[in-house]
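In: let me see the structure of the following:
(one chain, ligands or ions: 1)
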Amino acid sequence: MKKHSILKANKQYSETYKEASIDKYSKTRIAILTCMDARLDPLKICGLELGNAYIIRNAGARLTEDAIRSFLLSYKLLDTKEWYIIQHTDCGLTRMNNKEIDDLFELKEDDNKLNWMSFTNHKRTLIDDLEQLRNYPLVPIQIPIHAMIFDSKTGDLELVASL
Ligand SMILES: [Zn+2]
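Out: Residues are numbered from 1 along each chain as shown. Okay, the predicted model is just below:
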């Protein structure tokens, strides 16, 4: 994208902008953590429309501290009643391990390192993240939490576990 082409595109968008009238309190009261992968449209995948859900995104749909923060705030400030973690097949974070990502950045032994949270086993990782979220002290017991995998080839969503 050329410099400022986003601003140019936005000019057209703002001319027909109607989303300001959408209620910020989603009627469906759903929060979804999913991957930042550019191919994923979480609303469409779940049959939802703009204004129906709060979407939390990061690399790999991993349960980071910030994802927990967002889930908790979606509950306390926006009254969400159901939470989802949706990973997807062919995720970039399954193609390299943490050490290989460190190497991409040419990190040395003593450098400060991030936990890139790469993983190999989708179901195991999803269930670990689901359990960690379920057991987090501030998470209300009445909120059902579901872990799912989206098949990037077929478009199917598979329920892995609910807690
Ligand atoms: Zn991904």
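In: what does the chain put close to the ion?
Out: 35, 37, 91 (Cβ under 5 Å from the ion). Every residue, glycine included, has its C-beta placed from N, CA and C.
In: how close does the first one sit to L77?
Out: Using Cβ to Cβ, to the nearest Å, one gets 24 Å for the distance from C35 to L77.
In: which residues of this protein fall in helices?
Out: 5-15, 42-45, 65-78, 98-104, 122-135 (DSSP state H).
In: any weak-confidence spans in the protein?
Out: 1-3 (pLDDT under 70).
In: what sits opposite the most centrally placed residue in it in the beta ladder?
Out: Centroid check for the chain by Cα atoms, centre = their mean gives T34 as the closest residue, at 2.2 Å. Going by DSSP bridges, T34 is paired in beta bridges with R57, I86.
In: I figured it hits I56, correct?
Out: Yes: shown here, T34 and I56 form a contact pair, counting by Cβ atoms under 8 Å, at 7.5 Å.
In: quick one: closest of the helices of the chain to I86.
Out: helix 42-45 (6.7 Å; Cβ to Cβ).
In: just how off-centre is that closest one within its chain?
Out: 12 Å (Cα atoms, centre = their mean, to the nearest Å).
In: hang on, the earlier thing: got a list of what the residue nearest to the centre of the chain touches?
Out: For T34, the contacting residues are 40, 42, 55-57, 61, 84-88, 150, by Cβ atoms under 8 Å, 6 or more residues apart in numbering.
In: spatially nearest residue to P140 (excluding sequence neighbours)?
Out: Excluding the flanking residues, the one nearest P140 by Cβ to Cβ, 6 or more residues apart in numbering is Y75, at 6.3 Å.
In: next, count neighbours for that neighbour.
Out: Residues contacting Y75 under the criterion other Cβ atoms under 10 Å number 20.
In: and K81, how close does it get to the ion?
Out: K81 sits 26 Å away from the ion, going by Cβ to the ion, to the nearest Å.
In: and Y136, by the same measure?
Out: Y136 is 23 Å from the ion, by Cβ to the ion.
In: do the same with I145
Out: Relative to the ion, and taking Cβ to the ion, I145 is found at 20 Å.
In: looks like D37 contacts H88 (just checking).
Out: Yes: between D37 and H88 a contact is recorded at 6.2 Å, counting by Cβ under 8 Å.
In: more neighbours: which of these two?
Out: Shown here are D37 and H88; by other Cβ under 10 Å, H88 has more neighbours (22 against 18).
In: excluding chain neighbours, what is closest to that one?
Out: Nearest non-adjacent residue to H88, counting by Cβ to Cβ, 6+ apart: F150, 4.2 Å away.
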